[in-house]
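*Asks:* What follows is a predicted structure for the sequence shown.
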Amino acid sequence: MKEIAADMAERPERGKVASYIPELAKIDPKKFGIVVIDDEGNVASGGDSEAPFSIQSISKVFTLTLALGKIGDKLWQRVGREPSGSAFNSIVQLEYEKGKPRNPFINAGAIAVTDVIVSGHQPRESLGEILHFVRFLAEDNSIKIDDEVAASEQRTGFRNSALANYMKSFGVLENPVHFTLGVYFHHCAIAMSCKQLAMAGRFLATNGINPSTDMSVVTPERAKRINSIMMMCGHYDGSGEFAYRVGLPGKSGVGGGILAIAPGKASIAVWSPGLDENGNSYLGRIALEQLTRRMGWSVFGV
Ligand code: GLU
């Protein structure tokens, strides 16, 4: 990890930090962190591995897990599970598909998933449930929501409001749009370090079991399915390229983080704030490609 971090520190080409959420535009593009936690709990890290960053869309892995726990396969009546091939915030696909988002990881799909968690609760309770789940997985009660990032996104989230209102018109959302959006913006604004994120991802590398307690977080089958969706849909319209280069299930966020899972082997978190043209971490992907190549860890065995 130290060698990969040293290599990444020297790269002049680092992508562009997200600017459409003003608070994210302030982040130093030179940051880079990586943490690997293997199935026995050994931790290897490099770079800014303990610095918190905005996990953004990586939170969608945790909300998907919660929503599946809540309503099981009924979720798939409201959200699809096919790769989208379009941008993370595309509205055109929603119109073609009559308000049913293509998958749980594009923004529209994640907003629909959040709506499932909100149903039957006050927004504050739902947000508490999500934060509690993430803290439980990461075994770290210090994990917080960055209120300034949430407020920044709430102020400027016109596209997400459009997506939510559009879905509401088709009856895909059950709750008031501003309730669901408020929870969505806040869970995207959870701040975590690579270390905390890799901890939170462990259950996906170990057949759904929390390795510290041996308790089941999800069934092995559900862990498989969440990994499959990460593999196919975790990087928006860059999902094919990520699978081609890295060969692992992964989920990116516009804060520059990626959570990647080497099933049976390790949970991996990487952070570099500069993004490529699809909104995925530019150096994060390169670092993961190096890691899987050197360890022979892709799901395809090399
Ligand atoms: N909160 C971001 C948005 O809704 C998430 C996008 C991302 O991380 O890819 O625009």
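*Replies:* Cool, got the structure.
*Asks:* For whichever strand or helix holds A287, which residues meet the burial criterion?
*Replies:* Secondary structure assignment for A287, by DSSP states H and E: helix 282-295. Judged by neighbour count using 16 or more other Cβ atoms under 10 Å, the buried positions of helix 282-295 are 282-292. Where C-beta positions appear, they are placed from N, C-alpha and C, glycine not excepted.
*Asks:* So which of the residues you listed is the closest to the ligand?
*Replies:* G284 (12.4 Å; Cβ to the nearest ligand atom).
*Asks:* now the helices for the stretch 51-200 of the chain?
*Replies:* 59-71, 75-78, 92-96, 107-118, 123-138, 147-156, 158-169, 177-188, 194-200 (DSSP state H, counting those that start in this stretch).
*Asks:* could you say what helices and strands the helix holding A287 packs with?
*Replies:* helix 2-10, strand 33-38, helix 239-245, strand 257-262, strand 266-271, strand 274-275 (3 or more Cβ pairs under 8 Å, 6 or more residues apart in numbering; DSSP states H and E).
*Asks:* residues in contact with the shortest one?
*Replies:* It stands for strand 274-275. With contact meaning Cβ atoms under 8 Å, 6 or more residues apart in numbering, strand 274-275 is reached by 14-18, 29, 254, 256, 281-283.
*Asks:* Drop anything exposed from these.
*Replies:* 14-15, 17-18, 29, 254, 256, 281-283.
*Asks:* now the closest residue to I143 other than its chain neighbours: how far from the ligand?
*Replies:* Nearest non-adjacent residue to I143, counting by Cβ to Cβ, 6 or more residues apart in numbering: R135, 5.1 Å away. In this view, R135 and the ligand are 20 Å apart by Cβ to the nearest ligand atom, to the nearest Å.
*Asks:* before we move on, what about M215?
*Replies:* 30 Å.
*Asks:* Run a quick neighbour tally on the residue nearest to N280 when sequence neighbours are not counted.
*Replies:* Spatial nearest neighbour of N280, excluding adjacent residues (Cβ to Cβ, 6+ apart): S252 at 4.3 Å. For S252, the neighbour count with other Cβ atoms under 10 Å is 31.
*Asks:* gap between the helix-or-strand element of the chain with minimal mean pLDDT and the chain center?
*Replies:* Within the chain, no helix or strand scores below helix 92-96, which has a mean of 91 by mean pLDDT, DSSP states H and E. For helix 92-96, the separation from the chain centroid amounts to 23 Å (computed by Cα atoms, centre = their mean, to the nearest Å).
*Asks:* Please name every helix or strand in contact with it.
*Replies:* Identification of packing neighbours for helix 92-96 by 3+ Cβ pairs under 8 Å, 6+ apart yields helix 158-169.
*Asks:* Is the helix it packs on positioned near the ligand?
*Replies:* Yes. With Cβ under 6 Å from any ligand atom as the criterion, the ligand is reached by helix 158-169 at N160.
*Asks:* tell me which of the buried residues of helix 282-295 is nearest to S126?
*Replies:* Lowest distance from S126 to these (Cβ to Cβ) belongs to G284, with 28.9 Å.
*Asks:* Redo the helices and strands packed on helix 282-295 as TSV? Include mean neighbour count and mean pLDDT.
*Replies:* Formatted as TSV, the helices and strands packed on helix 282-295 follow (neighbours: other Cβ atoms under 10 Å; pLDDT from 0 to 100):
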stretch	mean neighbour count	mean pLDDT
helix 2-10	15	97
strand 33-38	25	98
helix 239-245	18	97
strand 257-262	28	98
strand 266-271	29	98
strand 274-275	24	98
